[in-house]
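Q: Mind looking at a prediction? Sequence and model below.
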Amino acid sequence: MKSPGRDCEILFEDDHLIAAVKPSGLPTANAPRGTASLFTLLQARGPAGAFLGIVSRLDAPVSGVVVVAKTRTAAAGLAEQFRERTVDKSYSAVVSGRFPAPLGQWVDWHDAISREEGERRSEIHQGPDVDADAASQRPAHARARVVRRAGEVSLVELEPSTGRRHQLRVQLASRGCPIVGDRMYGSRLPCPAGGLALHATRLAIDHPASGRRMAFEAPCAGPWRMVFPSLFTGRSSG
């Protein structure tokens, strides 16, 4: 399925859900009238008036795996899994700066995130600044590790257990390693592929009808190998 200059890869589809790979630059949904989104591309594939429920979203500049429900029952079941945090999510990111951990070592982040009404940016609260009683602060938990280093960039693997607005973007930037291409949070390096160097590589859910655990994967190595060759060839700089 194609939209002007865009491809949408379907990883899995049955009567209950669709797992697709959203390209960078394409909104997940709610795009301005006449502008393509993942929702409109998937809508165009099916019969007129068919139900589609967006249960997972990615920022427009971010690429990767997204799950869309095809029935209201499936949408409710999948939404509950996200609320209960039984969904497993993995991301890859290319960041600048020095990641604050040894190569390969997982680190856990327990932060809080807030956003003022009308503001695009999210604000992060760490350590003593986290106030569990503050209504404006929402827990933001993730773990991360650097997989490879090459010069001024590093390939980082991330596993968030919460899904706050701009969560991984602000968590990385606050630790001195903004995502390449993320000017909003301080990156000075443009992403050669456009958008942000952040990709949702894996999403695991329980099927809303059968209950079977299913994992949908879209590795980042393919689309990024050409634009970040130093991270996928040769030896890491440690």
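A: Here it is on my side, so go on.

Q: what's next to the biggest helix by length in the chain, contact-wise?
A: What stands out as the longest helix in the chain, according to DSSP state H, is helix 72-84. Residues from elsewhere that reach helix 72-84, judged by Cβ atoms under 8 Å, 6 or more residues apart in numbering: 16-17, 51, 53, 55-56, 67, 69, 87, 163, 205-206, 208-209. Just so you know, the C-beta spots here come from the backbone N, C-alpha and C atoms, and that holds for glycine as well.

Q: mind redoing it with 10 Å?
A: 14-17, 51-56, 67-69, 71, 86-87, 89, 162-163, 204-209, 211 (Cβ atoms under 10 Å, 6 or more residues apart in numbering).

Q: from those residues, which ones fall inside strands?
A: 17, 53-54, 67-69, 89, 204-206 (DSSP state E).

Q: Most remote residue from the middle of the protein, which is it?
A: Computed with Cα atoms, centre = their mean, the residue of the chain farthest from its C-alpha average is A48, at 29.3 Å.

Q: A strand includes it, no?
A: No - membership of A48 in a strand is not supported by DSSP: H, G, I helix; E, B strand; the rest coil, which gives coil.

Q: follow-up on the earlier one: so which of the ones in strands among the contacts of helix 72-84 is the most crowded?
A: Among the ones in strands among the contacts of helix 72-84, the one with the most neighbours (other Cβ atoms under 10 Å) is L17, at 26 neighbours.

Q: beta partners for that one?
A: A69 (DSSP bridges).

Q: which stretches of the protein have low pLDDT?
A: Residue ranges of the chain with pLDDT under 70: 1-7, 128, 132-133, 221-223, 234-238.

Q: quick check: longest strand of it.
A: Every strand in the chain considered (DSSP E), the longest is strand 138-150.

Q: Tell me the gap between it and the middle of its chain.
A: 12 Å (Cα atoms, centre = their mean, to the nearest Å).

Q: before we move on, what about stretch 167-187?
A: For stretch 167-187, the distance from its own C-alpha centre to the chain's C-alpha centre is 13 Å (Cα atoms, centre = their mean).

Q: Need the distance between the two termini of it.
A: 16 Å (Cα to Cα, to the nearest Å).

Q: Good, we can wrap up now.
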